[in-house]
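> this one's sequence-less:
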Ligand SMILES: N[C@@H]1[C@@H](O)[C@H](O)[C@@H](COP(=O)(O)O)O[C@@H]1O
């Protein structure tokens, strides 16, 4: 089953496995940068995008894509973790992507989890995105409970970059990146739903059977704040890229 289908207005690409899905997403990002050398990319952390980043590194080394003109904004960061903390999303991005491609580090932005004045920092992050011209392509993963970035169930559709509490489920899922669950911060700074929906194009990648239920609710369930990813159906240029396992809960009728 390898196909592209429209589900409730969302272009959904189903690939045979996670590697092919990840490469398809890398191709979409590279195509954006080819179209516009000074693209503004919105980037995501988590396990899901790692293979996509690996592929982009290969493409950059092979001369297939040039990031020298690109600006990037990451979705989120844990409150209390500075960029030098190994489990911070800034450290993740440096290790998984930025240190290996020809992007200008000064034009890679991640919220500062140690900002002294969090509301002021969040407002500034929003205005920096706007000053950069807005996000051309936003990459997203998908939480098991339907969260996007750290917009947990119940996040308002008009939310902007702000401090949020993480659910016990999200803390437990993300504990695998830490030595123990007690080290996982309970709060984060995240772009809001409205910030994400402002992007001109959105590409969501989900892989593995563990995401099948969240994918089915996103694409075929009600559009509702209780499943934040379903709110993407209010956007007119979203591409969802899945492997067969993540597509396993779709009716595809
Ligand atoms: N804030 C991140 C999200 O941006 C990510 O999409 C999601 C899924 O993570 P994973 O890709 O590891 O399944 O969880 C995290 O909490």
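Alright, I've got the coordinates. As the structure is a prediction and not an experimental result, all values here were calculated from the model. Numbering: from 1, shown residues only.

> mind listing what the residue in the stretch 101-250 of the chain positioned nearest to the ligand touches?
For the stretch 101-250 of the chain, the nearest residue to the ligand under the criterion Cβ to the nearest ligand atom is residue 141, separated by 2.5 Å. C-beta coordinates here come from the backbone N, C-alpha and C atoms, glycine included. Residue 141 sits next to 44-49, 148, 204-206 when contact means Cβ atoms under 8 Å, 6 or more residues apart in numbering.

> Only the buried members of those: can you turn that into a PyMOL selection?
Here the buried members of the contacts of residue 141 are turned into a PyMOL selection, burial being counted by 16 or more other Cβ atoms under 10 Å:
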select buried, resi 44+45+46+48+49+148+204+205+206
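
> Keep only the contacts of residue 141 that also lie close to the ligand.
Counting by Cβ under 6 Å from any ligand atom, 44-48 from the contacts of residue 141 sit close to the ligand.

> Which pair of the residues you listed spans the longest distance?
The most widely separated members of these, counting by Cβ to Cβ, are 44 and 47 (10.6 Å).

> Sheet partners, orientation included, of the helix or strand residue 189 falls within?
According to DSSP states H and E, residue 189 maps onto strand 187-190. Taking DSSP bridges as the criterion, strand 187-190 pairs within the sheet with strand 76-78 (antiparallel), strand 162-165 (antiparallel).

> quick check, the shortest one touching the ligand?
By that I understand strand 76-78. Yes. Using Cβ under 6 Å from any ligand atom as the criterion, contacts between strand 76-78 and the ligand involve residue 76.

> which residues make contact with that strand from outside it?
45, 87-90, 110-113, 149-150, 184-185, 187-191.

> are any of the residues you listed buried, and which?
Neighbour-count burial (16+ other Cβ under 10 Å) applied to those gives 45, 88-90, 110-113, 149-150, 184-185, 188-191.

> Determine which two of these are furthest apart.
Within those, 184 and 191 form the most distant pair, 19.9 Å apart (Cβ to Cβ).

> circling back: quick one: name whatever helix or strand follows the strand holding residue 189.
Downstream of strand 187-190, the next assigned helix or strand under DSSP H and E is helix 193-197.

> Quick check: mean pLDDT of that next one?
Per-residue pLDDT values over helix 193-197 give a mean of 98.

> Neighbouring strands - and their directions - for the very next helix or strand once past it?
Proceeding N to C from helix 193-197, the next assigned helix or strand is strand 201-206, under DSSP H and E. If you go by DSSP bridges, strand 201-206 pairs up with strand 137-140 (parallel), strand 238-243 (parallel).

> Does the very next helix or strand once past strand 201-206 pack against any helices or strands, and if so which?
Stepping forward along the backbone from strand 201-206, the first helix or strand reached (DSSP H and E) is helix 212-220. In terms of contacts (3 or more Cβ pairs under 8 Å, 6 or more residues apart in numbering; DSSP states H and E), helix 212-220 is packed against strand 201-206, strand 238-243.

> can I get these in JSON lines with mean pLDDT?
Written out in JSON lines, the entries for these read as follows (pLDDT from 0 to 100):
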{"stretch": "strand 201-206", "mean pLDDT": "98"}
{"stretch": "strand 238-243", "mean pLDDT": "98"}
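
> want to throw the ones you listed into CSV with distance to residue 180?
Compiled in CSV, those are given as follows (distance: least, Cβ to Cβ, whole Å):
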stretch, distance to residue 180
strand 201-206, 27
strand 238-243, 30
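
> who's in contact with residue 224?
Remark: with contacts taken as Cβ under 8 Å, 6+ apart, residue 224 is in contact with 230-231.

> give me phi/psi at it?
Residue 224 has phi and psi values of phi -160, psi 150 when expressed as degrees, to the nearest 10.

> Fine, thanks again, bye for now.
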